[in-house]
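S.K.: Here is a sequence with its predicted model. Questions after.
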Amino acid sequence: MKKTISSPPLEEVTTISPYGRQRRNMLKIFGAGAALITIGSACNKDDDPNPSNGGVNLGSGDVGILNYAYALEQLEAAFYEKVVSSFYTGATDTEKAYLTEIRNHEVGHREFFKAAITAAAPSSIIPSLEVDFSTIDFTSKTSVLATAQAFEDLGVTAYNGAGQLISTSGNGPAYLLLAGKIVSVEARHAALIADLRSNGTFAAAANADADGLDGARTPAEVLAIAKTYIKTVIDASNLPS
């Protein structure tokens, strides 16, 4: 049983990091193009990533879910790249090291999805999204860490909500395994950021239900929150439900 939680408002380059080595290993394990290429057949005329209305269509089926994850990883990677490019005032060496490592993870996730979807269905991959972080004060520790926690918590609930939408046939089980590996990393990030904000809150009860389960959000709920920071219009109407 997954808990669905409300959606509070969020507060407020593409170089391969050392984590990219793990990305390449993930691609190898995942089968790279050979294992993924079959999802290309799941695309249809409604899956054009650049529809005439100027928005970005995530597509349908499993490739749509991969594009959805790719969109979220683009947002997180862009945020942490901005954070690390000029740390907030008073950032300690420990905080810099932690945030740099999280940046490396998120860039690795982004580049993994980019490579995987390109290998599987190059005509269906969404383009780079335009982000807008104008409401975030990157000089303020409070602003940066509050936004980081909101992004990480959002990512955890997004993967939890998307897991049930992945097909149970074909490559679906492999995609679900991949999602499980990534969401566990996102949860580690969320715990670390929470502890940086307030020591000892890494496992706050507010983030889980009575059974100790994290929350889940649908793609529509997630994108409604994320659009505050994504200028590109995203069409998720063809995603599985």
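M.R.: Ah, there it is.
S.K.: Return the distance of stretch 87-107 from the chain's centre.
M.R.: 18 Å (Cα atoms, centre = their mean, to the nearest Å).
S.K.: in that stretch, what's buried?
M.R.: 87-88, 91, 95, 98-99, 101-107 (16 or more other Cβ atoms under 10 Å). Using the backbone N, CA and C atoms, a C-beta is placed for each residue, glycine as well.
S.K.: CSV for those residues, including distance to residue 55, secondary structure and pLDDT?
M.R.: Listed next are these as CSV, based on distance: Cβ to Cβ, whole Å; DSSP: H, G, I helix; E, B strand; the rest coil; pLDDT from 0 to 100:
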residue, distance to residue 55, secondary structure, pLDDT
87, 34, coil, 98
88, 33, coil, 98
91, 37, coil, 98
95, 37, helix, 98
98, 35, helix, 98
99, 32, helix, 98
101, 34, helix, 98
102, 29, helix, 98
103, 28, helix, 98
104, 31, helix, 98
105, 29, helix, 98
106, 24, helix, 98
107, 25, helix, 98
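S.K.: Distance to residue 173 for those residues - can I get that in JSON lines?
M.R.: Compiled in JSON lines, those are given as follows (distance: Cβ to Cβ, whole Å):
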{"residue": "87", "distance to residue 173": "41"}
{"residue": "88", "distance to residue 173": "41"}
{"residue": "91", "distance to residue 173": "41"}
{"residue": "95", "distance to residue 173": "38"}
{"residue": "98", "distance to residue 173": "33"}
{"residue": "99", "distance to residue 173": "34"}
{"residue": "101", "distance to residue 173": "30"}
{"residue": "102", "distance to residue 173": "28"}
{"residue": "103", "distance to residue 173": "30"}
{"residue": "104", "distance to residue 173": "28"}
{"residue": "105", "distance to residue 173": "24"}
{"residue": "106", "distance to residue 173": "25"}
{"residue": "107", "distance to residue 173": "27"}
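S.K.: just these now: which is nearest residue 208?
M.R.: Taking Cβ to Cβ as the measure, residue 102 is the one of these closest to residue 208, at 21.2 Å.
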